[in-house]
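Visitor: dropping the sequence and predicted coords here.
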Amino acid sequence: MSRIVVTGIGAISSLGNNISENHTSLINSKCGLSSLDNFKTNYSDTLKFGEIKLENIKLKEILNIKDESVTRTSLLGLNVIKEAIEDSSLSKNEISSYDTALIVGNTVGGMCLTDELYSDANSVSNPSPYLSSYDCGSVTLFLQKQYAIKGVCNTINTACSSSANAIIYGARLIKNGFAKRVIVGGIDSLAKFTINGFNSLGILAPQNCKPFDKDRNGLNLGEGAGFLVLEKESDAINKKHYAVLSGYCNANDAFHASALSENGEGPFLAMNGALNLAHLLPQQIGYINCHGTGTENNDEVESKALLRVFKNVPPFASTKSKTGHTLGASAAIEAVYSVLALYNQEIYPSLNFCTPIESTMLIPNLEYQKKSFEHVLTNSFGFGGNCSSLIFSKF
């Protein structure tokens with residue numbers, strides 16, 4: 001079968017409002033973490049967030065959206081899917097063809113409107129305009145309608161691995177003949193719903209997170225969106241090819257609702273499965289974009305899994321030290337970052353690292369480097385032990 005290639009990418013995060021701005025920030029080791037400005041919670045000034053500073057009013061103006069019921073999650077998604085589609089030069093007929101699929105990962109959906117949701121749930125009359133937007137599938141339906149997409153459309157919610165699984169599902173649609181091209185990615189926006197939920201778990205860091213550091217003390221929540229256009233190489237002959245999606249795997253260690261098993265069985269199986277599908281040996285991976293949340297459990301477990309898979313762990317980093325953890329969007333944003341790293345032959349640094357974890361002694365990459373490599377691995381691990389790994393290879 002013809003290889004699956006990446007022909008378009010788009011991203012928005014606290015590092016920038018488009019691919020160019022995100023790439024510049026990655027190169028310059030910019031940190032996008034700050035206090036919360038766009039809405040107020042009890043933690044707006046006491047915790048750090050990866051917030052996109054574009055307000056909803058400005059996003060609606062940019063995108064020419066008049067509908068009051070459109071949520072921030074949908075606005076961020078539309079902004080990025082537009083960039084990815086334009087980058088891939090997809091025609092209107094191609095987008096609306098039955099051969100084009102749309103697969104979206106997210107966790108919050110319209111529940112970013114936490115106060116409105118609470119009010120509507122307790123109201124017997126006069127609902128808000130957002131009533132139809134609370135379901136996480138509403139975001140996909142909104143994007144589908146905007147582009148008149150007639151092919152397979154689906155929403156995946158597997159927590160923090162959501163958009164990695166959207167990418168895997170999209171690739172499998174192409175592989176099995178259900179689509180010629182897929183628009184895949186993920187979106188999540190900051191909300192009281194998730195801020196309060198993660199705070200109740202006691203895993204929000206009071207300062208900038210420190211992935212893979214001995215003294216790490218939690219994660220920073222962020223928001224954003226990332227989308228990729230995947231096509232069969234034979235259908236994209238005259239297009240730019242950023243990379244080949246050569247390997248992917250989803251696994252589960254079925255250990256705990258919100259923690260990974262001590263020896264990292266799920267991450268180990270996901271990375272091994274992706275390597276096997278790509279027909280690659282561990283030593284052929286030149287760079288790893290780690291899940292790297294900055295939490296006590298994840299970073300030690302992911303480190304142990306890396307040591308199980310790789311005899312000599314290649315350069316690795318966590319871009320969550322710059323963007324925060326964007327939940328359902330994180331895997332797609334980091335897939336885009338991985339594609340950028342491969343396409344431009346460069347690796348990005350982790351921030352805020354000082355001392356390695358004693359049980360593994362692994363040290364992430366700490367400075368921007370130009371480096372020649374052929375394959376990049378990116379990890380995304382979600383609650384419930386849902387673990388996914390993707391491999392992109394040089395075209």
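Guide: That came through fine.
Visitor: ok, which stretches of the protein are strands?
Guide: With DSSP state E as the criterion, the chain has strands at 4-12, 100-105, 153-156, 181-188, 224-232, 243-252, 287-289, 316-317, 346-347, 369-370, 375-382, 386-393.
Visitor: check those strands for me and report the most buried one.
Guide: strand 181-188 (a mean of 32; mean count of other CB atoms under 10 Å). For the C-beta atoms, the positions are set from N, CA and C on the backbone; glycine is no exception.
Visitor: that one pairs with which strands, parallel or anti?
Guide: Strand 181-188 pairs in its sheet with strand 100-105 (parallel), strand 224-232 (antiparallel), by DSSP bridges.
Visitor: next, the angle from it to strand 243-252.
Guide: Between the axes of strand 181-188 and strand 243-252, defined by axes from the mean of the first three to the mean of the last three CA atoms, to 10 degrees, the angle is 60 degrees.
Visitor: the inter-axis angle of strand 181-188 versus strand 4-12?
Guide: 30 degrees.
Visitor: and the residue lying closest to residue 345 once chain neighbours are set aside, what pLDDT?
Guide: The shortest distance from residue 345 to any non-neighbouring residue, by CB to CB, 6 or more residues apart in numbering, is to residue 372 (5.7 Å). With respect to pLDDT, residue 372 scores 97.
Visitor: tell me the contacts of residue 27?
Guide: 346, 348, 368 (CB atoms under 8 Å, 6 or more residues apart in numbering).
Visitor: can you give me the neighbour number for the second one?
Guide: Think residue 348. A count of nearby residues for residue 348, using other CB atoms under 10 Å, gives 26.
Visitor: same check on the last one?
Guide: The local packing count at residue 368 equals 15, with neighbours defined by other CB under 10 Å.
Visitor: isn't it right next to residue 350, touching?
Guide: No - with contact defined as CB atoms under 8 Å, residue 368 does not reach residue 350; the gap is 11.1 Å.
Visitor: I'd say residue 360 and residue 302 touch.
Guide: No - between residue 360 and residue 302 there is no contact under CB under 8 Å: 9.3 Å.
Visitor: more neighbours: which of these two?
Guide: Using other CB under 10 Å as the criterion, residue 360 and residue 302 rank with residue 302 on top: 29 against 18.
Visitor: what sits against residue 276?
Guide: By CB under 8 Å, 6+ apart, the neighbours of residue 276 are 247, 249.
Visitor: can you rerun that using 6 Å?
Guide: If a contact means CB atoms under 6 Å, 6 or more residues apart in numbering, then residue 276 has no contacts.
Visitor: distance of it from residue 20?
Guide: Separation of residue 276 from residue 20 (CB to CB, to the nearest Å): 35 Å.
Visitor: what residues go with each domain of the protein?
Guide: 4-235, 247-393 (automatic domain parsing).
Visitor: closest to residue 241 out of these?
Guide: When the domains of the chain are compared by CB to CB, domain 4-235 sits nearest residue 241, at 4.7 Å.
Visitor: out of the strands paired with strand 181-188, nearest to residue 178?
Guide: Taking the strands paired with strand 181-188 one by one with CB to CB, strand 100-105 is closest: 7.1 Å.
Visitor: can you pull out the helices in this structure?
Guide: 19-27, 56-63, 72-88, 92-95, 114-121, 137-147, 162-175, 192-200, 265-278, 296-309, 320-323, 330-344 (DSSP state H).
Visitor: which residues are contacting the fourth one?
Guide: Outside of helix 92-95, the residues that reach it under the criterion CB under 6 Å, 6+ apart are residue 147.
Visitor: rerun at 8 Å
Guide: Under CB under 8 Å, 6+ apart, the answer for helix 92-95 is 85, 100, 147, 148, 149, 181.
Visitor: stretch 45-52 now?
Guide: Outside stretch 45-52, the residues within contact range by CB under 8 Å, 6+ apart are 12-14, 17, 32-38, 76, 190, 195, 204-209, 220-224, 322-326.
Visitor: if I look at residue 219, how far off is residue 245?
Guide: 27 Å.
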